[in-house]
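>>> Sequence first, predicted coordinates after that:
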Amino acid sequence: MSIVKTVRMPDLGDIPHAKVVEILVNTGSQIQLNQSLLSVESEKAMMEVPCEFEGCIETVCVSVGDVVKTGDQLVTVLVADACDDDAHVAVEEPSASKLVLVPELGGGQVKLIEWLVKPGAEITNDTPICVLESDKATMEVPSTVSGIVQSLEQPLGADLTVGQSLISVETNEDTSSDCVVPAQESQPEQSPVDRTVVREANVSTEVTSKIYAGPAVRRMASLLEVNLNQVAGTGNKGRISKQDLLNYIKATLQSGTNQPKSKRPYVEPSDYGPTSTKQLSRIKKLSADYLHENWQSIPHVTQCIDAEVTDFEAYRKQLSQVYKPQGIRMTPLVFIMKALVTTLSRHPAFNASLSQDGQALILKEYFHMGVAVDTPNGLVVPVVKAVNDKSVVALAKELAALSQSARSGQLKPEQMRGQSFTISSLGGIGGTYFTPIINAPDVAILGIGQMQTKPVWQDDHWIPKLFLPLSLSYDHRVIDGAEAARFMVDLANDLSIVHTQILE
């Protein structure tokens with residue numbers, strides 16, 4: 001007997017959501033095991049979501065542009081002779097459609113301001129399906145039936161009255177009547193101050209229609225000259241309650257960030273000559289916020305040194321010729337990673353992160369290294385796990401595979417988390433020293449420049465030596481300057497002899 005299985009969004013780890021950028025199948029398509037169903041883009045990478053079984057696509061539950069999170073329904077697949085927890089029998093009993101209607105609101109029209117479900121979603125009795133707003137309150141409307149959402153009957157922004165249809169639901173429940181139940185008016189949540197996020201303060205009276213807040217909250221914000229764009233709501237879908245607004249005001253007063261910041265006047269470039277505009281990729285837009293937060297919240301200090309690598313580089317080139325016929329590139333980076341394991345073992349404070357309360361240092365006994373990779377869409381950081389347990393040949397193969405996945409947008413979320421230390425290498429491009437931004441929750445990041453030949457005075461004459469410029473940015477809350485200097489001296493020494501201490 002055929003059954004219908006649901007394919008859901010796989011675990012995204014610490015990534016809150018992803019955006020659907022391409023759907024690769026259609027209703028009725030025959031699919032194979034592990035065939036890609038759709039492409040999604042997160043703040044770190046693009047990836048394809050595979051199907052875990054063979055069958056025929058019954059329903060595509062998302063559209064291009066939808067934002068999805070872990071566990072969201074993506075497609076349903078008709079599968080023969082299979083069974084799992086997500087499966088349901090295709091035809092168990094006669095099903096019918098039932099409408100959920102606008103409930104009794106106490107008079108007047110209401111505006112549909114938000115859908116909380118989409119076609120294909122599985123809902124139960126009392127699942128909130130939409131948000132309606134009147135001139136007095138904002139209300140979530142619960143479903144009166146369990147089943148699968150077939151269609152949304154009204155467009156966003158529609159003005160509605162009692163009894164108009166909201167959604168159509170396929171259900172096996174009794175369909176003798178369509179019930180109208182009272183809507184649930186949103187109540188302010190009693191949340192502590194620390195649940196209200198204080199964003200960069202710029203107090204003004206501007207309140208946009210994209211903010212989810214009721215009329216009373218908007219009036220209070222206008223009266224107190226608070227920009228609701230700066231307040232993070234703790235309600236469903238980020239809805240802002242009065243308590244959220246009061247918490248924001250209290251927190252900004254305590255932190256001293258409630259004073260307006262002066263803004264530099266915008267200068268229109270086209271006033272002075274021809275210009276063109278290039279849109280930033282989604283990854284670059286999201287990375288900008290992440291990098292800005294890390295730069296502002298972590299006190300960065302950068303320590304630089306030149307590591308003498310003449311003998312190490314000669315050995316690497318010899319090894320490269322040996323493995324080149326096998327298609328293996330023995331880059332300097334894999335040797336640097338091995339040297340870092342040695343140095344980090346002697347300086348564990350650099351292979352660590354701050355505790356959540358900032359009162360302790362968590363020393364990591366594993367060596368998982370994030371490696372920044374430049375891609376057409378922006379910077380991503382895949383993670384090489386257990387560097388200490390792998391040979392340079394194994395590291396070279398894994399690093400090449402991860403870099404290829406990064407550039408093709410096929411990195412999985414689990415391949416971009418869990419690092420204990422991060423490396424940013426610009427040696428293949430050029431340059432010497434720079435200040436890499438720490439990749440939180442790490443407490444340090446190593447920047448690598450391009451090798452340079454310099455003259456060194458030795459035995460009464462000048463001889464050429466090869467040097468590798470290194471730049472270490474570290475969190476000054478955790479590491480002081482003397483520790484950083486000792487770390488860099490040790491790393492330079494470890495690099496100079498790394499070729500004598502590793503196995504291929």
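Perfect, I can see it now. A quick note: this is a predicted structure, and the numbers were derived from the prediction, not measured.
>>> name the element A482 belongs to?
helix 481-496 (DSSP states H and E).
>>> tell me what that helix is packed against?
For helix 481-496, the elements it packs on are strand 300-308, helix 310-323, helix 332-346, strand 461-475, judged by 3 or more C-beta pairs under 8 Å, 6 or more residues apart in numbering; DSSP states H and E. For the C-beta atoms, the positions are set from N, CA and C on the backbone; glycine is no exception.
>>> so where's the stretch 301-450 of the chain shaky on pLDDT?
Scanning the stretch 301-450 of the chain for pLDDT under 70 picks out nothing.
>>> Which parts of it are strands?
With strands called from DSSP state E, counting those that start in this stretch, the stretch 301-450 of the chain shows them at 352-354, 361-363, 369-371, 373-375, 378-380, 383-384, 421-425, 444-448.
>>> Any buried residues in the first one, and which?
When you say that, I think you mean strand 352-354. Neighbour-count burial for strand 352-354, counted by 16 or more other C-beta atoms under 10 Å, picks out A352, S353, L354.
>>> partner strands of it, parallel or antiparallel?
Sheet pairing of strand 352-354 (DSSP bridges) gives strand 361-363 (antiparallel).
>>> Off-centre distance for the strand it pairs with?
The chain centre lies 24 Å from the centre of strand 361-363; the measure is C-alpha atoms, centre = their mean, to the nearest Å.
>>> Okay, buried residues for it please.
Of the residues in strand 361-363, none is buried (16+ other C-beta under 10 Å).
>>> just to revisit the earlier point, with C304 as the reference, name the closest of the strands of the stretch 301-450 of the chain.
Nearest of the strands of the stretch 301-450 of the chain to C304, taken as C-beta to C-beta: strand 444-448 at 8.7 Å.
>>> after that closest one comes which helix or strand?
strand 452-458.
>>> helices and strands around that next one, which ones?
Counting by 3+ C-beta pairs under 8 Å, 6+ apart, strand 452-458 packs on strand 461-475.
>>> buried stuff in the strand it packs on?
Of all the residues in strand 461-475, those buried under the rule 16+ other C-beta under 10 Å are K465, L466, F467, L468, P469, L470, S471, L472, S473, Y474, D475.
>>> likewise stretch 495-503?
Of the residues in stretch 495-503, L495, S496, V498, H499, I502 count as buried by neighbour count, 16+ other C-beta under 10 Å.
>>> re the thing from before, of the buried residues of strand 461-475, which is the nearest to Q296?
D475 (12.9 Å).
>>> can you pull the contacts of the closest residue to the closest one other than its chain neighbours?
Closest residue to D475 apart from its sequence neighbours, by C-beta to C-beta, 6 or more residues apart in numbering: V443 at 4.3 Å. V443 sits next to A349, F350, A352, S353, L354, L361, Y474, D475, V478, I479 when contact means C-beta atoms under 8 Å, 6 or more residues apart in numbering.
>>> gap between V443 and S471?
According to C-beta to C-beta, to the nearest Å, V443 stands 15 Å off from S471.
>>> again, but for V169
V169 is 59 Å from S471, by C-beta to C-beta.
>>> do P464 as well
Here the distance between P464 and S471 works out to 23 Å (C-beta to C-beta).
>>> One more: C56?
Per C-beta to C-beta, C56 is found 55 Å from S471.
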